[in-house]
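In: coords please:
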Amino acid sequence: MGILAWIIIGLLAGLIAKALMPGKDPGGIIITMLIGIAGGLLGGWLGKVIFGVDSIDGFFDLSTWIAAIAGSIILLALYRVITGNRHSRRA
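Out: From the prediction side, this is the model:
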């Protein structure tokens, strides 16, 4: 897949992760895209390590989207833990 496909998958996976984990996030669209792209890579790597499958096959493969969304949810949860503690002290 090309870089444009990674950006589109990252943006959509990050938006889906935010929809599945509602709450106030300090990040905007750029943070969402970065979390999604990194989540896709993390999800693909975890799928390969844990299940021994190549989960990032192509843009329209379901396994690619599941891996990207799962990785994005993991990274979004970590992002909230890290930035949530910082923002709660300011209030």
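In: contacts and neighbour counts: CA atoms only from here.
Out: OK.
In: How about the secondary structure of residue 60?
Out: Following DSSP: H, G, I helix; E, B strand; the rest coil, we place residue 60 in the coil state.
In: neighbours of it, just the number please.
Out: 10 (other C-alpha atoms under 10 Å).
In: Tell me which helix or strand the nearest residue to residue 67 once chain neighbours are set aside sits in.
Out: Closest residue in space to residue 67, ignoring its immediate chain neighbours: residue 43 at 4.3 Å, by C-alpha to C-alpha, 6 or more residues apart in numbering. Element membership for residue 43 (DSSP states H and E) is helix 29-46.
In: mind checking which helix or strand of the protein has the lowest mean pLDDT?
Out: Least confident helix or strand of the chain, by mean pLDDT, DSSP states H and E, is helix 62-90 with a mean of 77.
In: for the helix holding residue 43, packing partners?
Out: If contacts are counted by 3 or more C-alpha pairs under 8 Å, 6 or more residues apart in numbering; DSSP states H and E, helix 29-46 sits against helix 3-20, helix 62-90.
In: Using TSV, lay out those helices together with distance to residue 35.
Out: Converted to TSV, those look like this (distance: least, C-alpha to C-alpha, whole Å):
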stretch	distance to residue 35
helix 3-20	6
helix 62-90	6
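In: Adding distance to residue 39 and mean neighbour count, write those out as TSV.
Out: Formatted as TSV, the helices and strands packed on helix 29-46 follow (distance: least, C-alpha to C-alpha, whole Å; neighbours: other C-alpha atoms under 10 Å):
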stretch	distance to residue 39	mean neighbour count
helix 3-20	7	19
helix 62-90	4	18
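In: Can you check which of these gets nearest to residue 30?
Out: Of all the helices and strands packed on helix 29-46, helix 3-20 sits nearest to residue 30, with 8.5 Å by C-alpha to C-alpha.
In: Show residues contacting that closest one.
Out: With contact meaning C-alpha atoms under 8 Å, 6 or more residues apart in numbering, helix 3-20 is reached by 29, 32-40, 59, 65, 68-70, 72-73, 76.
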